[in-house]
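> here is a sequence together with a model predicted from it:
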Amino acid sequence: MFRIIKRTEISKKNSVAIRGVSIVLALIVSGLFIMVLSLNPLEVYKSMIDGAFGNDYRVFETLRKAIPLCITALGIAVAFKMQFWNIGAEGQLMMGACFATYFALFHSAMPKPLLLTVMIIAGMAGGCIWALIPALFKAKWGTNETIVTLMMNYVAIKFITFLQYGPWKDPNALGFPKIASFPKNAILPDFLGLHIGWVFAVILVVLIYMFMKHTKIGFETAVLGESEKTAIYAGMNIKKIIIIAMLLGGGLAGLSGMIQASAVSNTLSVSMAVGTGYTAIIVAWLSGLSAPIIAVVSILFAALLEGGSFIQTAYGIPESAALILQSMILFFVLGSEFFVRYKLVRKNNTASPDVSKAKAQGLATAKEVK
Amino acid sequence: MDAVISFLAAAIVAGTPLLFATLGEIITEKSGNLNLGVEGMMLMGAVTGFGVGLSTGNPILAIISAAIAGGIGGLVFAFLTISLRANQVVTGLTLTIFGTGFASFVGKSFVGAMSPESIRLFFRPIDIPVLGSIPFIGPIFFRQDAFVYLSYITVIALGLYLYNTSKGLNLRAIGENPGAADAASININLYKYLHILLGGALAGLGGAYLSLVYIPAWQEGVTAGRGWIAVALVIFAVWNPYKAIIGAYVFGGLDILGFRLQGTNIQISQYLLSMLPYLVTIGVLVAISMRKSKRNSPPKGLGIPYFREER
């Protein structure tokens, strides 16, 4: 009926069009869920946009949500580029926050710029260490990184729960299990109305873009991702590439965690682990692992989350609707990848024109001979 | 001694949802597909089973609907990754997000509701006549509810299927080397579809056990990450249904250990204890990859999509 042929190239216009159609389809299907609640989907979608960008405060909230997504997604993109399925961003993020918190809580006497710098380094170190462990296992013994990174997420969360309910529990919190709020010294300053994290995000987008496109290691990462055999043949040091890419991924996730802890929640808490690490995976993937697109998509995703919260209060639509919308969009985009990479050709049950012609000639000749 | 017996019996109950989900994912992975959507499929089964159970009060309808819901989740995954050649990791993660959202959305109206009387009654512990009287083992294994007995049957059925039938052999071949299986005229796509679907159905059953029997009420996030543990348990069980029992019950026991220890003098933080399942899994994974034994390795074609033209 249909034959599947791989496309040799596809015009930018076509690929954007296909993606666009898939998103529209996703909105329609999610709209059905909304209609089940006897609400008008168009109205709801409009409110979501309003909730995310409607006024200055909301725009800042959306950006605030976008920053950790962006930074973490950048790190994940680097890992994914070499087909190292790092699902552990959530844990790396939390451990980064954890390491930074140690300094915020116990060394807060330092002057602010020094303390913040130390916290940033600590945050990145925490993420790096957490990412290094699965990276080493993979490099040394070929251990499946997907599951190990996933398990590390849980270990991280349990560990922080342990700290929160145990050694780091705030004695001033009247028995409520929480970690003390950071002293003013340990909180990142604002810049142009939003915490300085956004500056980091912008700088990192540029840096990662240059890393992937213009450095040797960035190139090697891409080659490794395309084909391990090619990389080996070209004499690349696979183990080194894996470790460096993971250090980047972990470091960025850890930085993201530190920023969240310092600038947003002003403390360390298990409840910070709201799946940012997992959402960032989706952001990275949807952006085709490209740094500048990650920046845009993180804002869009943050808008989705922010808008989702808004319609929860405005319409009583459960927050889970945003999750359904998110996953619908993803399903359809995942499916549309197929149409970008392949084209369907209707199978002909007749012979090709040349064969038909030759056949006709042959029959004619045969008739003559008779 | 009694305390030990009751603890072990409770460990089985706690481990049963894990067992179903693990068995499902074993089948899926044996077919060469890594479906990270187990948590999502469990939740879909949990909410559907609970919803149907709540409105009909019929336990059989409830668990069938749960299996179907999980199966639909599996079907979506299969369609995307097999027919549309999408990336397995991302698709699985998306399925989890969808399942979570779906369960939360649908379950909104019955948060806090208890599993109906008729269903809880149906799934009360039943003592099996002769087996239940075996000292020590009897009270642990054979005084459980019908759902648990179903899990025993499933383990044996899957084990026999995988290792003692030719279809099971075909399945294992597909997972190890799809190219060879294809050359042997095995219909790769059909096997993958069927087994991913079955895997989803089993995950759905695991979820239903949670909402209908274990808790037994509907709450947000009723699976609490068990789907992810199941993915790890598949490795712990080295892709063997019989060994899945060990993993599931050990982790079930670890699950309830925290509570049990609270009353005693043993002073290990329950949070550190709760890390154990995950640390152990990492340990097992590393040990396996270090040993690289043929019997105990993942299906070689795991996670790698098979497309005939791209050989």
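That came through, no problem.
> run through who's touching stretch A:304-315.
A:37, A:39, A:44, A:47-52, A:58, A:61-62, A:65, A:279, A:317-319, A:321-323, A:325-326 (CB atoms under 8 Å, 6 or more residues apart in numbering or on different chains). For every residue, glycine as well, the C-beta is placed using N, CA and C.
> from these, which land in helices?
A:44, A:47-52, A:58, A:61-62, A:65, A:279, A:321-323, A:325-326 (DSSP state H).
> tell me which element residue 72 falls in.
Just going to use chain A. helix A:56-81 (DSSP states H and E).
> not quite, I wanted chain B
helix B:59-78.
> could you export that helix as CSV, CA atoms only?
Provided in CSV are the C-alpha atoms of helix B:59-78 (Å, rounded to 0.1, in the frame of the first residue of the first chain):
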residue,chain,number,x,y,z
PRO,B,59,-13.8,-6.7,40.8
ILE,B,60,-13.3,-8.6,37.5
LEU,B,61,-14.5,-5.7,35.4
ALA,B,62,-12.2,-3.4,37.4
ILE,B,63,-9.0,-5.4,36.8
ILE,B,64,-9.8,-6.1,33.2
SER,B,65,-10.3,-2.4,32.5
ALA,B,66,-7.1,-1.7,34.3
ALA,B,67,-5.3,-4.1,32.1
ILE,B,68,-6.9,-2.6,29.0
ALA,B,69,-5.9,0.9,30.1
GLY,B,70,-2.3,-0.1,30.7
GLY,B,71,-2.4,-1.9,27.4
ILE,B,72,-3.5,1.2,25.6
GLY,B,73,-0.5,3.1,27.1
GLY,B,74,1.7,0.3,25.7
LEU,B,75,0.0,0.5,22.4
VAL,B,76,0.8,4.2,22.1
PHE,B,77,4.4,3.5,22.9
ALA,B,78,4.5,0.7,20.4
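> just the buried residues of that helix, please?
B:59, B:62-78 (16 or more other CB atoms under 10 Å in any protein chain shown).
> of these, list those near chain A.
B:Val76 (CB under 8 Å from any CB of the partner chain).
> now the helix or strand harbouring B:Ile26: average pLDDT?
Assigned by DSSP H and E, B:Ile26 belongs to helix B:2-30. The pLDDT scores in helix B:2-30 average 91.
> beyond it, next helix or strand please.
helix B:38-56.
> residues of that next one that come out buried?
B:38-54.
> hmm, it in reach of chain A?
No - remark: helix B:38-56 sits outside contact range of chain A, by CB under 8 Å from any CB, the gap being at least 8.5 Å.
> ok, and the closest non-adjacent residue to A:Val199?
A:Phe191 (5.8 Å; CB to CB, 6 or more residues apart in numbering or on different chains).
> where along the chain do the strands fall?
Just going to use chain A. Taking DSSP state E, the strands of chain A run over residues A:2-6, A:190-191, A:194-195, A:342-346.
> chain B was what I was after
B:126-127, B:143-144.
> all helices of the stretch 151-300 of chain B, in order?
Secondary structure of the stretch 151-300 of chain B (DSSP state H, counting those that start in this stretch): helices at B:166-176, B:178-183, B:188-209, B:226-236, B:241-262, B:270-291.
> identify the residues contacting the closest residue to A:Ala231 other than its chain neighbours.
Of all residues beyond its chain neighbours, the one nearest A:Ala231 is A:Leu224 (4.4 Å), with distances taken as CB to CB, 6+ apart. With contact taken as CB under 8 Å, 6+ apart, A:Leu224 is in contact with A:Met82, A:Gln83, A:Ala231, A:Met236, A:Ile238, A:Ile241, A:Ile242.
> identify the farthest-apart pair in those residues.
Distance extremes for these: the farthest pair is A:Gln83 and A:Met236 at 14.1 Å, using CB to CB.
> of the two, which one has the most company?
A:Met236 (19 against 14; other CB atoms under 10 Å in any protein chain shown).
> list phi and psi for the more buried one.
Per-residue torsions, A:Met236: phi -80, psi 150 (degrees, to the nearest 10).
> any idea how far A:Gln361 is from it?
Look at A:Met236 and A:Gln361: by CB to CB, to the nearest Å, they are 57 Å apart.
> looking at it, B:Thr91 is touching A:Gly335, isn't it?
No - between B:Thr91 and A:Gly335 there is no contact under CB atoms under 8 Å: 9.3 Å.
> more neighbours: which of these two?
Legend: neighbour count by other CB under 10 Å for B:Thr91 and A:Gly335, higher for B:Thr91 (26 against 20).
> which ones are touching the spatially most central residue of chain A?
With distances taken as CA atoms, centre = their mean, A:Ala280 lies nearest the centre of chain A, 2.4 Å away. The contact partners of A:Ala280, by CB under 8 Å, 6+ apart, come to A:Pro68, A:Leu69, A:Thr72, A:Ala73, A:Ile76, A:Ala89, A:Ala253, A:Ser298.
> list the contacts of the least confident helix or strand in chain A by mean pLDDT.
Lowest on mean pLDDT, DSSP states H and E among the helices and strands of chain A sits strand A:2-6, with a mean of 73. Contacting residues not belonging to strand A:2-6 are listed as A:Arg341, A:Tyr342, A:Lys343, A:Leu344, A:Val345, A:Arg346, A:Lys347, B:Glu309 [CB under 8 Å, 6+ apart].
> same question, stretch B:277-289
A:137, A:141-144, A:147-148, A:151-152, A:154-155, A:158, B:229, B:232-233, B:235-236, B:238, B:251, B:254-255, B:296-297.
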